[in-house]
Every structure is written in structure tokens, then in C-alpha cells.
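Asks: Structure for the following, please:
(chains A and B)
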Amino acid sequence: MSEFYREDFNALSDDEFRSLAGRFLEAAHPARLRDPDKRLHWSDAKDWYFALSKHGWLAPAWPKQYGGMGLTPAKQLIYLDEFERFGAARNPDHGIILLGPLLIRYGSEEQKAFFLPKILSGEHIWCQGYSEPNAGSDLASLRTKAVLEGDEWVINGQKTWTTLAQDANWIFLLVRTDSSVRKQEGISFLLVPMTSKGVTVRPIRNLDLHDEFSEVFFENVRVPRDHLVGEVNQGWKMARALLGFERIFLGSPRQSNYALVRLRQLAQATGQWNDPVFREKYLQFNRDLEDHKALFEVFAARLRRGEDLGPDVSMLKVHQSEMFQRITDLMMEIAAERGALMETGKKEVNAARLFLNARPATIYGGSSEIQRDILARHFLGSSN
Amino acid sequence: MAEQGWIGLALAEDQGGAGFGIAEYVALCEELGAGLVPEPFISVDMAARLTGSQHRNAIVDGSLIMLPAYEENEEVAAADYYDQTVFQNGKVTGEKKFVYMAGGADAFIVSSKDGLYLVRADAPGVELQTEFTQDGGHFGTLKLQGAPAELLQADSDEAFDVAALGVAAYLLGIIEASLAMTKAYLGMRKQFGVSIGSFQALRHKVVDLSVQAALARASIDNAVLVISGDVPATQKAIAVSRAKIRAADAAMLVTRQSVQMHGAIGFTDEADIGLYLRKAMVMVTQFGSTKFHRWRYADLFGAAQNSTENHT
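Replies: Residues are numbered from 1 along each chain as shown, chains lettered A, B, ... in the order given. I've put the predicted structure just below:
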């Protein structure tokens, strides 16, 4: 086994674990993938995925019996912090972060034994089929339909905003299996090979002209009956239950941290670092970020104490994503004409790319508007 | 555009123009912005103001595409603030950057400390490199190595301010069109069984953006009055910088928020709303970036204050 693997990571002190994570990243992370300015495709990311897999560092939150690191929430936060500080590239990680924990909790023994090892080995790369053209913020109104015919589910419909669908060979789906009940109670969770007959992927180019998302179409796609996870019509509850720990990821200071470093580099490169007007704006962001980290720590402490995060964790996402955008707004202003360009020099900060890639931060994972609704209910109670 | 009499719209008829005022020129620029028209109309119109009668007719009738080339780095934007370009023995040497849509130009108006010069694009000693911009256009870098040049008699300050005001109006067109498209989308898109335009959070956002649009329009209209009036150049420049800053900030705000209110579809290349954002990203840099105008406003505001104090 790898020199970076421990039978019981949780037996290490926090400092020891942090130091081990740092050494692991130095040794195993491909240098060319550090601090990527866009989401990596599988063809670029796979070396890193396989390195994580080989050293047993791929699945920090999974229990050890399923091949994970079995980290406590406190150790998971250190893992996250060290990876972000290092500038580690994000993998096509939907199997690790989303599907794995769901299978571990709700899957049959056969499903766990079949799928989990294939996620860890990189044989199965998963994507998530939740959103639809008319089911975004109102996800529960999804209409992609699955009907049981004999021993097979027959799927018809369309998913969209499927991240890295063209790299995945499997997709996990929320599908409508009952239209006669309350919309949340007629949804099931299905596992579908992307190679199935009737599956079509159409990549969508984003504003940065990167094909990060796709539409995925299903036309009479057939999968065996046992590809359903949990009980029929329990899909919504299962997917929601898994939104626990993940929600704090969305409020991590990572993006703003990265953007502020780039802002500083841009200011230094353009001779504006010592401009007092710029400096005051920069320092305000510096204070925003430090205070954000302090607020993040409040929620992290809840996790460490084994408490639920609570709906007010949405504050982190609203504040972080909007701070990220404000930092890139200032980048555009100080880049002036260079901020209007498509491409810049290799060593030059590309303000436009970061600015454009900051746009969806307030849209995905629950838009700022949805997050504010959640927070309004928390702070004010329900309006009716 | 030339056939319509648009180039030189606000020039007097005896100067080859259509004899309209700055108000009509600004109204036209706004329409061009609403239509995301890519041609460098504002630059060519500025060239018509800067050249003598010899070239003006050819510019106005569209047979000569001439673009001003005055920037030397991204810090500063107007000719008289910074200029390393040298003119000697009828030849000019230097480098000009960020010449919008330079690839299609027949000639350039190049600034130097000693004045403005006309340089033909196909003249010896002229090299043009281009970089793509976010709106599908490009910036040109003009490298001049002893290129033959012809001295022009012109006042570049006034022409620069007219062009900057034209850009502010173009941005206002972007603002209004982006808002109109967003309002239509809010009425059409349904979630939770109702159109999302019925949600107060989005309604209030549209109101805030509309306030900024109204402020931009008022600021531009005010600058039109000032620049058309008989007041010192400093006052004109202050009014133009104010309008340009307001329009640029409002354009970035409105186009960003328009993408937000479109949700995920707004972040795709195929949705038209993103075109307004990308065009705004480029146009806010034209005829003085926002940073430049903030700096110029502070500079001129200070000077105006001092002169007022000296008079009392």
C-alpha cells in the first residue's frame, strides 16, 4: 500500500493529517494540472484520478469497508482545505461525491459490491442527471419518465446541465415514476449506462466557449429492473438526504481565495498594486474573505460536533459566490482593455475568463435567489 | 450606413456632414448598441471629425475606412496624456494598441506629441497584429517603423469626447435591449407553476436595474446639452466622463444580472443574452476605459474646484 495510506487516518492528530495531505499532494498531484482555470475533462484529469485511486485518497468520506478513507467530518474539512490550498484539480467526481454515499446508504448489497469498486478504479465515470429544461430551481417538477415493462425500466425524456456528460460512461437519474401523487413523491432513482441504445449527448458551449455541460436525451432507453436504487418513488427523499455535508462545499472560500490571488497578480503586473484607491478595494475584499473564512469555521465547528448544518449554511454559498463575482468585477476594471480579449499571454491573468466563469457560481447548486428564499424562511419563518 | 448619411451625421453640411446635432448622433449610437452592430461606426465618425476636407468626403461616403489609433498602453487612453510616438521628416515611428476592428481599416489617424497624422494601412513600415475580443471582434496593435505620414489639422479633445459619449449611448442601447430581453424571459419562464417574473426578488432586481438605466440615460442627455453648449472644454470633459462611467457601470451590472436572471441558460453560448454581456465587456473599454474616465474625472474635478476657489 502507498506510503501515504494509513489504516486509521482518524488516529492522526489534525496537524499530522494536514502534513500528510500536503506531502501526498506534493508527491502525487501532476504539476501541469495545478490551479486549472476551467473544469477538466476526463482525458486531462484521469492521471490525477488514477493517482488518487492508487494511493487510496480518492474517497475521503466513504467508510473504510467500501474502500474510502473513512474520515471524520473534521478530517474531511482538513482534506478539503489542503486540496484547495494546493490548487488541486477537480476530478470528474460525481461518482465519488454524490453517487457513492447514496449507494452506501440506500443501495442493495449487490449494487454496492458491483458499483463501488468500479468508481474507485475509474472504470465507471458517473454524471448526474437531475436538471431538465423546465425543472431547474423547481427540480421536483421533473418529467423524464420511467415505466416498468416486464423486468425493464423504459426511460423517455431529457436532462440538461449535465456536467461532463460526454466523459461519463454511466449516469444516475431522477425520473418520474408516478404522476398521480404530490410531485416530490413520484420520483425514483435510476442507474443507466451512457452506452445504452437511445441515449444521445449534446454538449452545450458555455459563455467561456467551454463544453462543460451537456444535454442528455433518452428515447426508449431500457435498463434492468435492478438498476433502481432504494424503493420506487423514494428518489427525491434519498437525493435530498445526501445534501448534508455537500452543502458546506458550496460555501467554501476556495473560489474567492483563488480570485483574490489572481487579482493581486494582475494589479502587480499592471502597476496598480500601490495605487491607494485600488488598495482600499483590495483590502475590503481581503477583510470579506477573512470574515468569510471565520463564518465557514462556525459551520465547520457544527459538523465537528456532529450537529446538522442547518438551513443557515446557505449564507456561505450566497456570500462566497457573490464575493467571487465582485472580485472578478474589479479584475475586469483594472485589466481595462486587456479584459476585453479572448486570449491573453500565458503568464498573464485572463480577467475575462475568470469573470465569465464566475457567472454560474450564483446559479448552480441552488441559485442565489433560491438560497435567499431558504434563508428568508430560516430568519423570518414561512410567509404563509 | 454611409448611404444613410450616418457617418458625419452631426457634422455641418458645409463640412460634408448631414447637419444634425450631437443629440441625433447619440440617438443613433444607442440604436446601434441595441442592435449589437459590430462595425466601428463611432471610430470612423471620429475620424471624419479629425480629418480635413481632403479626406472627409471619402470617409463620409464610406469609400475610406479610417480609424483613430491613439492608445499606447492600457493605463491611459487619450492622446495628450501620454505619447511616445515620434514624427520626423514626414515619417512616424511608434506603437499603437487596442485599435478596435483595425483589420478592416484603409488608414489610421495616429497621435503623437506634436499632432495627428494620417497613415495608410498598406504603406511601408506599417505592421498590424490582431487579437480577438470577447464580442467576436478584434483589437489591432499597429507597429509603425518610419511609416510615411501626413500631418492633420484637428482638435482631438473634442472629437474624443464626442466618441466617448457615443460609446456611452451605445452602452445605453445594450442596457435597454438586455433589460427588454430579460423582462420578456421573466414573463415566459415558468417554475413552481408560475412565471418567474411574479417573484418579488426578481421584480425588485429589475427595478434596481431600471433605475440605473434611467440614470444612465439622464446622464447622457445631460452630457449632450453640455457638449453642445458654449462652455469650457473641461466642463464638457467632466460631463462626458460622468456619463461614460455611469453607462459603463450600468451596462456591466445590467448584462451580468440579465445572465443571472436567465439562470443556467444565460451561461450558454447559444443564448443571445450572453451577447450583450460580451459586447459590454468590450465597449466599456472604448474611448477611455472606465478606469481612465474615473481618473480623468477626479483630475478635472480637482482642477475645476481649484479654479472656482481662485475666482472667489
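
Asks: Can you show me the helices along chain A?
Replies: For chain A, applying DSSP state H gives helices covering A:14-28, A:42-55, A:73-86, A:94, A:100-106, A:109-121, A:235-241, A:243-249, A:254-269, A:276-304, A:314-335, A:351-358, A:368-380.

Asks: Low-confidence stretches in the stretch 101-250 of chain A?
Replies: Confidence mapping of the stretch 101-250 of chain A against pLDDT under 70 gives the ranges A:243-246.

Asks: thinking again about what came up before, using JSON lines, lay out the helices of chain A together with distance to residue B:19 and mean neighbour count.
Replies: Heads up, the C-betas are built off the backbone N, CA and C, glycines and all. Listed next are the helices of chain A as JSON lines, based on distance: least, C-beta to C-beta, whole Å; neighbours: other C-beta atoms under 10 Å in any protein chain shown:
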{"stretch": "helix A:14-28", "distance to residue B:19": "70", "mean neighbour count": "15"}
{"stretch": "helix A:42-55", "distance to residue B:19": "60", "mean neighbour count": "17"}
{"stretch": "helix A:73-86", "distance to residue B:19": "63", "mean neighbour count": "18"}
{"stretch": "helix A:94", "distance to residue B:19": "65", "mean neighbour count": "22"}
{"stretch": "helix A:100-106", "distance to residue B:19": "73", "mean neighbour count": "20"}
{"stretch": "helix A:109-121", "distance to residue B:19": "74", "mean neighbour count": "16"}
{"stretch": "helix A:235-241", "distance to residue B:19": "68", "mean neighbour count": "19"}
{"stretch": "helix A:243-249", "distance to residue B:19": "64", "mean neighbour count": "16"}
{"stretch": "helix A:254-269", "distance to residue B:19": "46", "mean neighbour count": "19"}
{"stretch": "helix A:276-304", "distance to residue B:19": "43", "mean neighbour count": "15"}
{"stretch": "helix A:314-335", "distance to residue B:19": "38", "mean neighbour count": "23"}
{"stretch": "helix A:351-358", "distance to residue B:19": "41", "mean neighbour count": "25"}
{"stretch": "helix A:368-380", "distance to residue B:19": "50", "mean neighbour count": "16"}
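
Asks: Quickly, which of those helices bottoms out on average pLDDT?
Replies: Here the lowest mean pLDDT among these goes to helix A:243-249, at a mean of 72.

Asks: in a strand, that's where residue B:127 is, yeah?
Replies: Yes - when classified by DSSP: H, G, I helix; E, B strand; the rest coil, residue B:127 is found to be part of a strand.

Asks: Quick one: classify the residue nearest to it when sequence neighbours are not counted as helix, strand or coil.
Replies: Nearest residue to residue B:127, sequence neighbours excluded (C-beta to C-beta, 6 or more residues apart in numbering or on different chains): residue B:143, at 4.3 Å. Secondary structure, three-state DSSP: residue B:143 is strand.

Asks: on that earlier part again, mind giving me JSON lines with the helices of chain A and columns for distance to residue B:85?
Replies: JSON lines is the format used below for the helices of chain A (distance: least, C-beta to C-beta, whole Å):
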{"stretch": "helix A:14-28", "distance to residue B:85": "50"}
{"stretch": "helix A:42-55", "distance to residue B:85": "44"}
{"stretch": "helix A:73-86", "distance to residue B:85": "46"}
{"stretch": "helix A:94", "distance to residue B:85": "55"}
{"stretch": "helix A:100-106", "distance to residue B:85": "63"}
{"stretch": "helix A:109-121", "distance to residue B:85": "62"}
{"stretch": "helix A:235-241", "distance to residue B:85": "63"}
{"stretch": "helix A:243-249", "distance to residue B:85": "53"}
{"stretch": "helix A:254-269", "distance to residue B:85": "24"}
{"stretch": "helix A:276-304", "distance to residue B:85": "28"}
{"stretch": "helix A:314-335", "distance to residue B:85": "24"}
{"stretch": "helix A:351-358", "distance to residue B:85": "27"}
{"stretch": "helix A:368-380", "distance to residue B:85": "47"}
